[in-house]
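[1] below are the sequence and a predicted model for it; my questions follow.
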Amino acid sequence: MEASATVKPADMRPPERVACCIAGGGPAGMMLGLLLARAGVDTLVLEKHKDFLRDFRGDTVHPSTLQVLDDLGLIDKLLALRHSQVDKVQLLTSRGLFTIGDFSRLRIKYPYIALVPQWDFLSMLADEAKRLPTFRLLMEAEAQRLVRESGGVTGLQYWADGQMRTIRTVLTVAADGRHSTLRDQAKLPIVENSPPMDVLWFSLPRAPSDFANIVFRAGGSKLIAFIDRFDYWQVGYIIPKGAAQQILAQGVDAVKQGLHELAPEFDDRLDTLESVDHIKLLTVQSNRLRRWWLPGFLCIGDAAHAMTPVGGVGINLAIQDGVAAANALWSPLTRQRIDDGSLAAVQRRRTWPTEMTQAMQALVQKRIIHAVLTSDGPVDVPPLLRFFLRLPLVRDFPARFVGVGVRPERPSPALLAARV
Ligand SMILES: Cc1cc2nc3c(=O)[nH]c(=O)nc-3n(C[C@H](O)[C@H](O)[C@H](O)COP(=O)(O)OP(=O)(O)OC[C@H]3O[C@@H](n4cnc5c(N)ncnc54)[C@H](O)[C@@H]3O)c2cc1C
């Protein structure tokens, strides 16, 4: 796997003041940064790593995000990146393949999930943004402290090039992910949920004759997702919360045995999984802030709400937050002003989609995932559910909920027209 464009700190002299400084160059921060800079807002994005290279950080670009990229004239660039397209999510039951969600049935412009390495996706956004005179990206720059004056946030301190620097801002945005430093600094109240599972991620080679799409296998207290990544399988081995240490202590053979039981046709390539060092643990979290903002400060993306992997919606919600924040804030930021009402409006707009999505994830976790992980026998889809998922009104719901989501955001016409 290759990393594409990286950005070096030498690309720029750090400014001392900007209209908007965004901590975190993930999907939320890069999308917001691109949109604000495009509309003429002087924007700085700080990213603590030296590149965007992350393995298994979630590579699902959903139809709603593809539509946003289309609106921005970036869809061809995205689709030119090496990717696979998934139009169905299926479960292999004792009675054969059962389709849980079929994106190809949706009447939308991009009826599929594009699986694009996240570093390529972020590098594409960064390359696009760097063409704008109003955009700056500082890599290896770690936001550490909020600057607070007169009851509001007026900037931040960050570590770069071996020294602590201070930048003054009209708006500081925490897009620094689920372990957000700035959110902790702001001491905003948070609601924690308790998902019942964690995920072990690893890859296996993919043969051209293999099945395609995203296919779940379930049975014997196990649930495994196989995600088609073109020339390899991204495998998600879903385990009960907290069980990772015990499973990994048994060595890689315990994981291979589980794979053998549910997917024996992969036996010929299990040797490629040499040790537990090839397995990455995702400790599944789910939470959301009660309040996303302080005067001069806003949290978006995982910093505002960590999502569980159910539906693979984390990236897309992060992007939607970025779009909603840009729609509401670009205009006041071009006037170097931001009031509390505009920040509260971003939270109001995005709270409902966040809560609805987390409620649906909790339902799937409780009714399906927990049930599978605690039942010894083979897994089948209950006849009543099979019946309902044949009804035209119900059938498309899972694909629409995952692919399009609740209240999908698009850049407003005013934002699109306000190009520098
Ligand atoms: C193992 C794993 C698998 C996942 N799989 C999926 C999936 O299949 N589909 C899906 O939709 N979602 C998935 N997710 C979730 C998804 O990655 C996140 O929901 C999404 O990336 C959130 O975007 P974000 O921009 O809010 O935060 P992040 O993507 O976490 O980006 C935050 C960025 O901020 C940087 N940063 C952190 N602290 C600082 C700091 N102090 N200063 C400067 N920079 C900082 C980080 O380096 C990072 O680049 C997965 C997550 C994990 C951990």
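    Yep, that arrived. Residues are numbered from 1 along each chain as shown.

[2] list the contacts for the most centrally placed residue in the chain?
    Closest residue to the average C-alpha location of the chain: residue 315 at 2.0 Å, with C-alpha atoms, centre = their mean. When contacts are counted by C-beta atoms under 8 Å, 6 or more residues apart in numbering, residue 315 touches 27, 58-62, 65, 118. All C-beta spots, glycine's among them, are computed from the backbone N, C-alpha and C.

[3] in helices only, show me those residues.
    Here DSSP state H is the test, and the contacts of residue 315 give 27, 65, 118 as lying in helices.

[4] state the distance from the last one to residue 311.
    Same thing as residue 118. Distance, residue 118 to residue 311, using C-beta to C-beta, to the nearest Å: 17 Å.

[5] cool, the first one as well?
    Taking C-beta to C-beta as the measure, residue 27 falls 15 Å from residue 311.

[6] tell me the confidence at the residue nearest to residue 212 when sequence neighbours are not counted?
    Using C-beta to C-beta, 6 or more residues apart in numbering and skipping residues adjacent in sequence, the residue nearest residue 212 is residue 228, 5.1 Å away. In the predicted model, residue 228 carries a pLDDT score of 88.

[7] does residue 228 touch residue 86 like I think?
    Yes. Between residue 228 and residue 86 there is a contact under C-beta atoms under 8 Å: 6.0 Å.

[8] overlap of the contact sets of those two?
    Common contacts of residue 228 and residue 86 (C-beta under 8 Å, 6+ apart): 115, 212-214.

[9] let me see the backbone angles for the residue in the stretch 151-300 of the chain that the ligand sits nearest to.
    Distances between the stretch 151-300 of the chain and the ligand by C-beta to the nearest ligand atom are smallest at residue 177, namely 2.7 Å. For residue 177, the backbone dihedrals (degrees, to the nearest 10) come out as phi 80, psi -170.

[10] from what I see, it and residue 302 are in contact.
    Yes. Counting by C-beta under 8 Å, residue 302 is a contact partner of residue 177 at 4.7 Å.

[11] tell me the pLDDT of residue 393.
    For residue 393, the model assigns a pLDDT of 80.

[12] tell me the gap between the host helix or strand of it and the middle of its chain.
    If you go by DSSP states H and E, residue 393 is part of helix 392-395. Using C-alpha atoms, centre = their mean, to the nearest Å, the mean C-alpha position of helix 392-395 is found 27 Å from that of the whole chain.

[13] against which helices or strands is the helix or strand following that helix packed?
    The helix or strand immediately downstream of helix 392-395 is helix 397-403, counting by DSSP H and E. Contacts defined by 3 or more C-beta pairs under 8 Å, 6 or more residues apart in numbering; DSSP states H and E place helix 397-403 against strand 88-93, strand 96-102.

[14] out of those, which is closest to residue 259?
    strand 88-93 (13.3 Å; C-beta to C-beta).

[15] secondary structure class for the closest residue to residue 185 other than its chain neighbours?
    Counting by C-beta to C-beta, 6+ apart, residue 185 lies nearest to residue 146, which is 4.8 Å off, once chain neighbours are set aside. Judged by DSSP: H, G, I helix; E, B strand; the rest coil, the three-state class of residue 146 is strand.

[16] for residue 355, same thing?
    Per three-state DSSP, residue 355 ends up helix.

[17] about what we covered before: secondary structure, neighbour count and distance to residue 326 for the shared contacts of residue 228 and residue 86 - can I get that in JSON lines?
    Listed next are these as JSON lines, based on DSSP: H, G, I helix; E, B strand; the rest coil; neighbours: other C-beta atoms under 10 Å; distance: C-beta to C-beta, whole Å:
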{"residue": "115", "secondary structure": "strand", "neighbour count": "22", "distance to residue 326": "25"}
{"residue": "212", "secondary structure": "coil", "neighbour count": "15", "distance to residue 326": "35"}
{"residue": "213", "secondary structure": "coil", "neighbour count": "20", "distance to residue 326": "33"}
{"residue": "214", "secondary structure": "strand", "neighbour count": "22", "distance to residue 326": "30"}
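
[18] tell me which two in those are the farthest apart.
    115 and 212 (11.2 Å).

[19] which neighbours do the two share?
    Joint contacts of residue 115 and residue 212 (C-beta under 8 Å, 6+ apart) are 86, 228.

[20] need the contact list for the closest residue to residue 314 other than its chain neighbours.
    Closest residue to residue 314 apart from its sequence neighbours, by C-beta to C-beta, 6+ apart: residue 307 at 4.3 Å. Neighbour list for residue 307: 286, 313-314, 317, 357-358, 361 [criterion: C-beta under 8 Å, 6+ apart].

[21] buried ones among these?
    Those of the contacts of residue 307 that meet the buried threshold are 286, 313-314, 317, 357-358, 361, by 16 or more other C-beta atoms under 10 Å.

[22] of residue 27 and residue 311, which one has the most company?
    residue 27 (29 against 22; other C-beta atoms under 10 Å).

[23] and the longest strand belonging to the chain, which strands flank it?
    Using DSSP state E to define each element, the chain has its longest strand at strand 163-174. With DSSP bridges as the test, strand 163-174 is paired with strand 17-23 (parallel), strand 152-160 (antiparallel), strand 297-299 (parallel).

[24] which parts of the helix or strand that that strand is followed by are buried?
    Next helix or strand after strand 163-174 toward the C-terminus (DSSP H and E): helix 181-186. For helix 181-186, the neighbour count (16+ other C-beta under 10 Å) marks 181-183, 185-186 as buried.

[25] hmm, back to that, list just the nearest of the contacts of residue 315 to the ligand.
    Nearest member of the contacts of residue 315 to the ligand, counting by C-beta to the nearest ligand atom, is residue 58, at 2.3 Å.

[26] mind checking pLDDT for that closest one?
    Looking at residue 58, its pLDDT is 75.

[27] number of nearby residues for residue 369?
    Neighbourhood size, residue 369 [other C-beta under 10 Å]: 20.

[28] leaving aside the residues adjacent along the chain, what's closest to it?
    Spatial nearest neighbour of residue 369, excluding adjacent residues (C-beta to C-beta, 6+ apart): residue 197 at 5.7 Å.

[29] is any part of stretch 307-319 close to the ligand?
    Yes. Shown here: stretch 307-319 in contact with the ligand (C-beta under 6 Å from any ligand atom) through 307, 309, 312-316, 318.

[30] over to that stretch now: how far is its first residue from its last?
    End-to-end span of stretch 307-319 (C-alpha to C-alpha, to the nearest Å): 13 Å.

[31] for the remainder of this discussion, apply numbering that starts at 13.
    Will do, 13 is the new start, and the previous item becomes stretch 319-331.

[32] how near is residue 418 to the ligand?
    Remark: distance between residue 418 and the ligand (C-beta to the nearest ligand atom, to the nearest Å) = 15 Å.
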